[in-house]
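Novice: model the following, please.
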Amino acid sequence: MTAPLAPTLLGVIDRLLPELIAFRRDLHAHPELSFEEHRTTQRLRERLEEAGLQPRSVSETGLVVDLGATSPRRRVALRGDIDALPVRERTGLDWSSTVDGACHACGHDVHTTALLGAALALAEVADELAARDVAVRLVFQPAEERMPGGAMKFVRAGVMSGVDTVYAVHCDPSLDVGEIGLREGALTAAADQVTVTLRGRGGHTSRPFLTEDLTYALGKVITDVPAVLSRRVDPRSGLVLVWGRVCAGEAINVIPSTGLAQGTVRMLDVGLWEQIGDLLHEVVEEVAAPYGVAVAIDHVRGVPPVVNDASAVAALGRATMAAGLRPVPTPHSLGGEDFAWMLHEAEGAMARLGTRTPGGRTFDLHQGDLVVDEGAVRHGTALLTLAAAGEWTRVERD
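Specialist: Next comes the predicted model:
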(Lines give C-alpha, C1' and ligand atoms only; values in the text may rest on other atoms or scores of the structure.)
Protein backbone atom coordinates (compact mmCIF):
# COMPACT_ATOMS: atom_id res chain seq x y z
CA MET A 1 0.00 0.00 0.00
CA THR A 2 1.39 3.42 -0.90
CA ALA A 3 2.84 4.84 2.34
CA PRO A 4 0.88 8.10 2.69
CA LEU A 5 -2.42 6.57 1.57
CA ALA A 6 -3.61 4.91 4.79
CA PRO A 7 -3.19 8.02 6.98
CA THR A 8 -4.97 10.12 4.36
CA LEU A 9 -7.94 7.79 4.12
CA LEU A 10 -8.14 7.30 7.88
CA GLY A 11 -8.19 11.07 8.28
CA VAL A 12 -11.12 11.29 5.88
CA ILE A 13 -12.94 8.53 7.77
CA ASP A 14 -12.45 10.23 11.13
CA ARG A 15 -13.81 13.47 9.65
CA LEU A 16 -16.87 11.60 8.36
CA LEU A 17 -17.40 9.60 11.55
CA PRO A 18 -20.04 11.79 13.27
CA GLU A 19 -22.11 11.75 10.08
CA LEU A 20 -21.68 7.99 9.72
CA ILE A 21 -22.81 7.31 13.28
CA ALA A 22 -25.87 9.50 12.76
CA PHE A 23 -26.59 7.69 9.49
CA ARG A 24 -26.32 4.30 11.20
CA ARG A 25 -28.68 5.38 13.97
CA ASP A 26 -31.21 6.52 11.38
CA LEU A 27 -31.04 3.14 9.62
CA HIS A 28 -31.36 1.39 12.95
CA ALA A 29 -34.51 3.33 13.78
CA HIS A 30 -36.06 2.51 10.40
CA PRO A 31 -35.33 -1.19 9.69
CA GLU A 32 -36.70 -2.80 6.54
CA LEU A 33 -37.07 -6.50 5.83
CA SER A 34 -35.68 -8.42 2.84
CA PHE A 35 -36.59 -6.91 -0.55
CA GLU A 36 -38.49 -4.14 1.24
CA GLU A 37 -35.48 -1.86 1.82
CA HIS A 38 -36.90 1.10 -0.14
CA ARG A 39 -36.21 3.85 2.39
CA THR A 40 -32.74 2.49 3.09
CA THR A 41 -31.96 2.43 -0.62
CA GLN A 42 -33.22 5.98 -1.08
CA ARG A 43 -31.17 7.30 1.84
CA LEU A 44 -28.06 5.67 0.39
CA ARG A 45 -28.78 6.98 -3.10
CA GLU A 46 -29.17 10.54 -1.87
CA ARG A 47 -25.89 10.54 0.07
CA LEU A 48 -23.91 8.86 -2.69
CA GLU A 49 -25.20 11.29 -5.29
CA GLU A 50 -24.38 14.18 -2.97
CA ALA A 51 -20.77 12.92 -3.04
CA GLY A 52 -20.76 13.03 -6.84
CA LEU A 53 -21.15 9.28 -7.32
CA GLN A 54 -23.60 7.60 -9.67
CA PRO A 55 -25.36 4.70 -7.91
CA ARG A 56 -27.42 2.39 -10.07
CA SER A 57 -30.20 -0.06 -9.33
CA VAL A 58 -30.03 -3.71 -10.35
CA SER A 59 -33.19 -4.80 -8.52
CA GLU A 60 -36.11 -3.22 -6.69
CA THR A 61 -33.89 -2.44 -3.70
CA GLY A 62 -30.16 -2.12 -3.18
CA LEU A 63 -27.56 -0.23 -5.19
CA VAL A 64 -24.24 -0.65 -6.96
CA VAL A 65 -21.63 2.11 -7.31
CA ASP A 66 -18.47 2.09 -9.41
CA LEU A 67 -15.53 4.41 -9.02
CA GLY A 68 -11.97 4.54 -10.31
CA ALA A 69 -10.75 3.25 -13.67
CA THR A 70 -13.34 2.42 -16.34
CA SER A 71 -11.22 -0.39 -17.84
CA PRO A 72 -9.14 -1.44 -14.83
CA ARG A 73 -6.36 -3.94 -14.50
CA ARG A 74 -7.96 -4.93 -11.20
CA ARG A 75 -11.47 -4.43 -9.84
CA VAL A 76 -12.25 -4.99 -6.17
CA ALA A 77 -15.80 -5.22 -4.84
CA LEU A 78 -16.92 -4.32 -1.34
CA ARG A 79 -20.25 -5.73 -0.20
CA GLY A 80 -22.64 -4.67 2.54
CA ASP A 81 -26.07 -6.19 3.26
CA ILE A 82 -28.89 -3.75 4.02
CA ASP A 83 -31.88 -5.73 5.32
CA ALA A 84 -33.21 -6.18 8.86
CA LEU A 85 -34.78 -9.10 10.70
CA PRO A 86 -38.41 -9.85 11.69
CA VAL A 87 -37.49 -9.51 15.37
CA ARG A 88 -38.87 -7.06 17.97
CA GLU A 89 -36.20 -4.78 19.44
CA ARG A 90 -35.68 -4.76 23.22
CA THR A 91 -32.65 -2.48 23.64
CA GLY A 92 -34.33 0.70 24.89
CA LEU A 93 -31.86 2.82 22.90
CA ASP A 94 -32.86 6.33 21.89
CA TRP A 95 -32.60 5.20 18.27
CA SER A 96 -34.46 1.92 18.72
CA SER A 97 -36.54 0.52 15.90
CA THR A 98 -39.70 2.46 15.15
CA VAL A 99 -41.08 -0.51 13.18
CA ASP A 100 -42.97 -3.03 15.27
CA GLY A 101 -41.62 -6.53 14.79
CA ALA A 102 -38.50 -5.54 12.84
CA CYS A 103 -35.00 -4.50 13.90
CA HIS A 104 -31.35 -4.64 12.92
CA ALA A 105 -30.56 -7.58 15.18
CA CYS A 106 -27.73 -8.83 12.96
CA GLY A 107 -25.78 -5.59 12.54
CA HIS A 108 -26.57 -4.99 8.89
CA ASP A 109 -27.05 -1.31 9.70
CA VAL A 110 -23.36 -1.27 10.67
CA HIS A 111 -22.35 -3.15 7.51
CA THR A 112 -24.32 -0.73 5.34
CA THR A 113 -22.90 2.35 7.05
CA ALA A 114 -19.34 1.02 6.87
CA LEU A 115 -19.75 0.48 3.14
CA LEU A 116 -21.18 3.97 2.71
CA GLY A 117 -18.22 5.37 4.62
CA ALA A 118 -15.82 3.45 2.37
CA ALA A 119 -17.59 4.85 -0.69
CA LEU A 120 -17.32 8.42 0.57
CA ALA A 121 -13.67 8.03 1.57
CA LEU A 122 -12.62 6.34 -1.67
CA ALA A 123 -14.51 8.94 -3.70
CA GLU A 124 -12.00 11.50 -2.45
CA VAL A 125 -9.15 9.52 -4.04
CA ALA A 126 -11.05 8.32 -7.12
CA ASP A 127 -8.60 10.05 -9.48
CA GLU A 128 -5.74 8.18 -7.86
CA LEU A 129 -7.63 4.92 -8.37
CA ALA A 130 -8.11 5.69 -12.04
CA ALA A 131 -4.47 6.66 -12.45
CA ARG A 132 -3.42 3.29 -11.11
CA ASP A 133 -5.88 1.34 -13.30
CA VAL A 134 -7.87 0.11 -10.30
CA ALA A 135 -11.63 0.22 -9.84
CA VAL A 136 -13.82 -0.29 -6.78
CA ARG A 137 -17.39 -1.56 -6.96
CA LEU A 138 -19.53 -0.95 -3.88
CA VAL A 139 -22.42 -3.39 -3.55
CA PHE A 140 -25.31 -2.47 -1.25
CA GLN A 141 -27.09 -5.82 -1.33
CA PRO A 142 -30.67 -6.54 -0.22
CA ALA A 143 -32.16 -9.63 1.36
CA GLU A 144 -29.25 -11.46 2.94
CA GLU A 145 -31.69 -12.87 5.48
CA ARG A 146 -33.90 -14.60 2.90
CA MET A 147 -32.51 -17.83 1.46
CA PRO A 148 -31.11 -18.30 -1.11
CA GLY A 149 -30.35 -14.61 -0.64
CA GLY A 150 -30.23 -11.33 -2.47
CA ALA A 151 -26.60 -11.98 -3.39
CA MET A 152 -27.71 -14.62 -5.88
CA LYS A 153 -30.05 -12.11 -7.50
CA PHE A 154 -27.25 -9.57 -7.76
CA VAL A 155 -24.84 -12.15 -9.18
CA ARG A 156 -27.38 -13.11 -11.85
CA ALA A 157 -27.74 -9.42 -12.70
CA GLY A 158 -24.01 -9.26 -13.50
CA VAL A 159 -22.82 -7.37 -10.43
CA MET A 160 -19.74 -9.58 -10.12
CA SER A 161 -18.78 -9.27 -13.77
CA GLY A 162 -15.14 -8.22 -14.05
CA VAL A 163 -14.53 -8.38 -10.28
CA ASP A 164 -11.18 -9.85 -9.25
CA THR A 165 -11.57 -9.74 -5.46
CA VAL A 166 -14.51 -9.16 -3.12
CA TYR A 167 -14.51 -8.31 0.58
CA ALA A 168 -17.17 -8.07 3.28
CA VAL A 169 -17.44 -7.73 7.04
CA HIS A 170 -19.90 -9.21 9.50
CA CYS A 171 -20.55 -8.00 13.03
CA ASP A 172 -19.32 -10.36 15.75
CA PRO A 173 -20.48 -9.57 19.31
CA SER A 174 -18.06 -12.16 20.72
CA LEU A 175 -15.10 -9.96 19.70
CA ASP A 176 -14.15 -6.67 21.32
CA VAL A 177 -14.52 -3.53 19.25
CA GLY A 178 -11.19 -2.98 17.51
CA GLU A 179 -10.65 -6.70 16.94
CA ILE A 180 -10.97 -8.19 13.46
CA GLY A 181 -11.56 -11.93 13.20
CA LEU A 182 -9.78 -13.57 10.27
CA ARG A 183 -9.85 -17.16 9.02
CA GLU A 184 -8.68 -18.93 5.87
CA GLY A 185 -10.98 -21.56 4.38
CA ALA A 186 -14.54 -22.20 5.47
CA LEU A 187 -15.93 -19.39 7.62
CA THR A 188 -19.66 -20.18 7.48
CA ALA A 189 -21.63 -23.24 6.49
CA ALA A 190 -23.97 -24.24 3.74
CA ALA A 191 -27.52 -23.94 5.04
CA ASP A 192 -30.43 -25.81 3.44
CA GLN A 193 -34.04 -26.25 4.52
CA VAL A 194 -35.49 -29.74 4.93
CA THR A 195 -39.13 -30.79 5.29
CA VAL A 196 -40.04 -34.46 5.76
CA THR A 197 -43.74 -35.31 5.49
CA LEU A 198 -45.08 -38.74 6.45
CA ARG A 199 -48.52 -40.12 5.56
CA GLY A 200 -50.30 -43.30 6.60
CA ARG A 201 -53.56 -44.83 7.84
CA GLY A 202 -54.63 -43.15 11.04
CA GLY A 203 -56.43 -44.93 13.81
CA HIS A 204 -56.95 -45.43 17.54
CA THR A 205 -53.95 -45.65 19.84
CA SER A 206 -55.36 -48.92 21.19
CA ARG A 207 -54.85 -50.57 17.79
CA PRO A 208 -51.53 -49.37 16.33
CA PHE A 209 -51.13 -52.69 14.51
CA LEU A 210 -54.08 -51.75 12.30
CA THR A 211 -52.40 -48.50 11.24
CA GLU A 212 -49.08 -47.22 10.06
CA ASP A 213 -48.02 -45.79 13.44
CA LEU A 214 -47.08 -42.47 11.97
CA THR A 215 -46.09 -40.70 15.20
CA TYR A 216 -43.68 -43.48 16.09
CA ALA A 217 -42.24 -43.42 12.56
CA LEU A 218 -41.84 -39.66 12.74
CA GLY A 219 -39.98 -40.02 16.04
CA LYS A 220 -37.57 -42.44 14.39
CA VAL A 221 -36.98 -40.01 11.51
CA ILE A 222 -36.32 -37.20 13.98
CA THR A 223 -33.76 -39.17 15.98
CA ASP A 224 -32.29 -41.67 13.55
CA VAL A 225 -31.77 -39.60 10.39
CA PRO A 226 -29.25 -37.21 12.01
CA ALA A 227 -27.52 -40.19 13.61
CA VAL A 228 -27.26 -42.15 10.36
CA LEU A 229 -26.00 -39.10 8.46
CA SER A 230 -23.25 -38.66 11.04
CA ARG A 231 -21.99 -42.15 10.10
CA ARG A 232 -22.36 -41.74 6.35
CA VAL A 233 -20.25 -38.59 5.87
CA ASP A 234 -16.76 -37.47 6.84
CA PRO A 235 -17.09 -35.77 10.25
CA ARG A 236 -14.59 -33.13 9.09
CA SER A 237 -17.32 -31.80 6.80
CA GLY A 238 -19.11 -30.38 9.84
CA LEU A 239 -22.52 -31.70 8.76
CA VAL A 240 -25.40 -31.29 11.20
CA LEU A 241 -29.14 -31.80 10.71
CA VAL A 242 -31.28 -30.10 13.36
CA TRP A 243 -35.08 -30.12 13.50
CA GLY A 244 -36.80 -26.88 14.45
CA ARG A 245 -40.47 -27.80 13.96
CA VAL A 246 -42.34 -31.07 14.43
CA CYS A 247 -46.09 -31.46 13.92
CA ALA A 248 -48.33 -34.53 14.26
CA GLY A 249 -51.72 -35.24 15.74
CA GLU A 250 -54.47 -33.38 17.57
CA ALA A 251 -55.71 -35.84 20.20
CA ILE A 252 -53.84 -38.01 22.68
CA ASN A 253 -55.66 -41.22 21.74
CA VAL A 254 -55.61 -40.84 17.95
CA ILE A 255 -52.78 -41.94 15.66
CA PRO A 256 -52.64 -39.21 13.00
CA SER A 257 -52.54 -39.80 9.27
CA THR A 258 -50.01 -37.06 8.53
CA GLY A 259 -47.03 -35.49 10.27
CA LEU A 260 -43.97 -33.48 9.40
CA ALA A 261 -40.54 -32.47 10.63
CA GLN A 262 -38.80 -29.31 9.43
CA GLY A 263 -35.25 -28.19 10.03
CA THR A 264 -31.94 -27.22 8.51
CA VAL A 265 -28.99 -29.24 7.32
CA ARG A 266 -25.66 -27.47 7.46
CA MET A 267 -22.10 -28.33 6.47
CA LEU A 268 -18.73 -26.70 5.88
CA ASP A 269 -17.71 -28.75 2.83
CA VAL A 270 -18.73 -27.49 -0.61
CA GLY A 271 -18.35 -30.91 -2.22
CA LEU A 272 -20.69 -32.53 0.29
CA TRP A 273 -23.19 -29.70 -0.12
CA GLU A 274 -23.40 -30.46 -3.82
CA GLN A 275 -24.21 -34.14 -3.08
CA ILE A 276 -26.22 -34.04 0.15
CA GLY A 277 -29.65 -34.07 -1.53
CA ASP A 278 -29.39 -37.65 -2.80
CA LEU A 279 -27.96 -38.94 0.47
CA LEU A 280 -30.63 -37.18 2.52
CA HIS A 281 -33.44 -38.75 0.49
CA GLU A 282 -31.85 -42.20 0.75
CA VAL A 283 -31.42 -42.07 4.52
CA VAL A 284 -34.89 -40.70 5.29
CA GLU A 285 -36.57 -43.35 3.14
CA GLU A 286 -34.50 -46.15 4.67
CA VAL A 287 -35.30 -45.02 8.23
CA ALA A 288 -39.05 -44.70 7.53
CA ALA A 289 -39.37 -47.88 5.41
CA PRO A 290 -40.01 -50.43 8.23
CA TYR A 291 -43.12 -48.54 9.33
CA GLY A 292 -44.94 -48.61 6.00
CA VAL A 293 -45.53 -44.86 5.83
CA ALA A 294 -45.41 -42.80 2.64
CA VAL A 295 -42.51 -40.33 2.62
CA ALA A 296 -42.19 -36.95 0.90
CA ILE A 297 -38.96 -34.97 1.23
CA ASP A 298 -38.65 -31.31 0.31
CA HIS A 299 -34.98 -30.27 0.30
CA VAL A 300 -34.52 -26.59 -0.51
CA ARG A 301 -30.94 -25.62 -1.24
CA GLY A 302 -30.02 -22.41 0.50
CA VAL A 303 -26.51 -20.99 0.39
CA PRO A 304 -23.10 -22.63 0.01
CA PRO A 305 -20.32 -22.17 2.57
CA VAL A 306 -18.32 -18.96 2.69
CA VAL A 307 -14.78 -20.13 1.88
CA ASN A 308 -12.18 -17.42 2.40
CA ASP A 309 -9.29 -17.25 -0.05
CA ALA A 310 -5.88 -17.25 1.63
CA SER A 311 -4.50 -14.28 -0.32
CA ALA A 312 -7.65 -12.26 0.38
CA VAL A 313 -7.41 -13.03 4.10
CA ALA A 314 -3.78 -11.87 4.01
CA ALA A 315 -4.90 -8.63 2.36
CA LEU A 316 -7.51 -8.12 5.09
CA GLY A 317 -4.79 -8.73 7.64
CA ARG A 318 -2.64 -5.98 6.12
CA ALA A 319 -5.62 -3.63 6.04
CA THR A 320 -6.37 -4.46 9.68
CA MET A 321 -2.88 -3.50 10.74
CA ALA A 322 -2.86 -0.35 8.60
CA ALA A 323 -6.13 0.72 10.26
CA GLY A 324 -4.61 0.30 13.72
CA LEU A 325 -6.87 -2.65 14.54
CA ARG A 326 -6.01 -6.04 16.00
CA PRO A 327 -6.28 -9.20 13.90
CA VAL A 328 -7.39 -12.29 15.82
CA PRO A 329 -8.15 -15.85 14.69
CA THR A 330 -11.84 -16.66 14.49
CA PRO A 331 -13.61 -20.05 14.45
CA HIS A 332 -15.90 -21.13 11.67
CA SER A 333 -19.65 -20.96 12.16
CA LEU A 334 -22.50 -23.18 11.01
CA GLY A 335 -24.59 -20.11 10.24
CA GLY A 336 -25.40 -19.40 6.60
CA GLU A 337 -24.32 -16.30 4.68
CA ASP A 338 -25.22 -15.51 1.06
CA PHE A 339 -21.92 -13.68 0.48
CA ALA A 340 -20.86 -17.19 -0.54
CA TRP A 341 -22.54 -16.71 -3.93
CA MET A 342 -20.17 -13.82 -4.66
CA LEU A 343 -17.19 -15.97 -3.71
CA HIS A 344 -18.30 -18.41 -6.42
CA GLU A 345 -17.55 -15.62 -8.91
CA ALA A 346 -14.28 -14.18 -7.55
CA GLU A 347 -11.70 -14.78 -4.86
CA GLY A 348 -12.33 -12.91 -1.65
CA ALA A 349 -12.94 -13.08 2.07
CA MET A 350 -15.24 -12.01 4.87
CA ALA A 351 -13.88 -10.66 8.16
CA ARG A 352 -15.52 -10.68 11.58
CA LEU A 353 -15.98 -7.15 12.94
CA GLY A 354 -15.76 -6.88 16.71
CA THR A 355 -18.75 -5.10 18.27
CA ARG A 356 -18.44 -5.84 22.01
CA THR A 357 -17.53 -3.00 24.36
CA PRO A 358 -14.36 -4.19 26.18
CA GLY A 359 -15.42 -5.57 29.52
CA GLY A 360 -19.07 -5.37 28.53
CA ARG A 361 -21.76 -7.91 27.87
CA THR A 362 -21.49 -10.46 25.07
CA PHE A 363 -24.70 -10.27 23.04
CA ASP A 364 -26.09 -12.76 20.54
CA LEU A 365 -26.95 -12.02 16.93
CA HIS A 366 -30.58 -12.35 15.84
CA GLN A 367 -31.75 -11.30 19.31
CA GLY A 368 -33.77 -8.17 19.96
CA ASP A 369 -31.47 -6.97 22.73
CA LEU A 370 -28.33 -6.77 20.54
CA VAL A 371 -26.33 -3.60 21.26
CA VAL A 372 -23.35 -2.75 19.07
CA ASP A 373 -20.46 -0.60 20.27
CA GLU A 374 -20.51 2.26 17.77
CA GLY A 375 -16.74 2.22 17.46
CA ALA A 376 -17.42 -0.66 15.07
CA VAL A 377 -18.76 1.86 12.53
CA ARG A 378 -15.36 3.51 12.25
CA HIS A 379 -13.44 0.24 12.26
CA GLY A 380 -15.63 -1.44 9.65
CA THR A 381 -15.32 1.60 7.41
CA ALA A 382 -11.55 1.67 7.82
CA LEU A 383 -11.14 -2.05 7.13
CA LEU A 384 -13.20 -2.01 3.93
CA THR A 385 -11.58 1.20 2.71
CA LEU A 386 -8.01 0.03 3.26
CA ALA A 387 -8.76 -3.44 1.87
CA ALA A 388 -9.81 -1.75 -1.37
CA ALA A 389 -6.81 0.58 -1.28
CA GLY A 390 -4.56 -2.43 -0.82
CA GLU A 391 -5.50 -3.61 -4.30
CA TRP A 392 -3.29 -0.85 -5.64
CA THR A 393 -0.18 -2.72 -4.51
CA ARG A 394 -1.27 -5.74 -6.55
CA VAL A 395 -1.20 -3.60 -9.68
CA GLU A 396 2.17 -2.18 -8.73
CA ARG A 397 3.58 -5.71 -8.34
CA ASP A 398 2.26 -6.92 -11.72
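Novice: longest helix in the chain, please.
Specialist: helix 5-29 (DSSP state H).
Novice: against which helices or strands is that one packed?
Specialist: Secondary-structure packing of helix 5-29 (3 or more Cβ pairs under 8 Å, 6 or more residues apart in numbering; DSSP states H and E): helix 38-50, helix 108-123, helix 375-389. Where you see a C-beta, it was placed from the backbone N, CA and C, and this is true even at glycine.
Novice: C-terminal to the second one, what's the next element?
Specialist: Scanning the chain past helix 108-123 towards its C-terminal end, the next helix or strand to appear is helix 126-131 (assignment: DSSP states H and E).
Novice: shaky segments in the chain?
Specialist: Confidence mapping of the chain against pLDDT under 70 gives the ranges 1-4, 392-398.
Novice: need the residue closest to the centroid of it.
Specialist: In the chain, the centroid-proximal residue (Cα atoms, centre = their mean) is Glu337; its distance is 3.1 Å.
Novice: that residue and Ala190 touch, don't they?
Specialist: No - at 10.0 Å, Glu337 does not count as touching Ala190 under the criterion of Cβ atoms under 8 Å.
Novice: who touches both of the two?
Specialist: Listed as contacting both Glu337 and Ala190 by Cβ atoms under 8 Å, 6 or more residues apart in numbering are Val303.
Novice: who are the contact partners of the residue nearest to the centre of the chain?
Specialist: Residues in contact with Glu337 (Cβ under 8 Å, 6+ apart) are Glu144, His170, Leu187, Thr188, Val303, Val306, Met350.
Novice: what's the farthest-apart pair in those residues?
Specialist: The distance between the two most remote of the contacts of Glu337 (Cβ to Cβ) is 14.6 Å, for Glu144 and Leu187.
Novice: of those two, give the one with the bigger neighbour count.
Specialist: Leu187 (28 against 25; other Cβ atoms under 10 Å).
Novice: state the distance from the more buried one to Val166.
Specialist: 14 Å (Cβ to Cβ, to the nearest Å).
Novice: could you pull out the helices in the stretch 101-250 of the chain for me?
Specialist: Secondary structure of the stretch 101-250 of the chain (DSSP state H, counting those that start in this stretch): helices at 108-123, 126-131, 150-156, 214-232.
Novice: for the ones you listed, which one ends up most surrounded?
Specialist: Stretch with highest mean neighbour count among those: helix 108-123 (a mean of 26; mean count of other Cβ atoms under 10 Å).
Novice: and Gly244, how many neighbours?
Specialist: Neighbourhood size, Gly244 [other Cβ under 10 Å]: 10.
Novice: please apply the same query to the one 3 residues further on.
Specialist: Using other Cβ under 10 Å, Cys247 is surrounded by 13 other residues.
Novice: and for Ile180?
Specialist: 26.
Novice: from what I can see it touches Ala322, true?
Specialist: No - using Cβ under 8 Å, Ile180 makes no contact with Ala322, being 11.4 Å away.
Novice: for Gln275, pull up the helix or strand it's in.
Specialist: According to DSSP H and E, Gln275 maps onto helix 270-288.
Novice: can you give the contact residues for that helix?
Specialist: In this structure, residues lying in contact with helix 270-288 by Cβ under 8 Å, 6+ apart are 190, 192, 194, 196, 198, 217, 220-221, 224-225, 228-229, 232-234, 237, 239, 241, 265, 267, 295, 297, 299, 301, 304-305, 307.
Novice: can you pull the buried residues of the following helix or strand past it?
Specialist: Next helix or strand after helix 270-288 toward the C-terminus (DSSP H and E): strand 294-303. Buried residues in strand 294-303, counted by 16 or more other Cβ atoms under 10 Å: Val295, Ile297, His299, Gly302, Val303.
Novice: distance check, the closest residue in space to Glu144 that isn't next to it in sequence against Gly302.
Specialist: Excluding the flanking residues, the one nearest Glu144 by Cβ to Cβ, 6 or more residues apart in numbering is Asp81, at 3.7 Å. Using Cβ to Cβ, Asp81 is found at 15 Å from Gly302.
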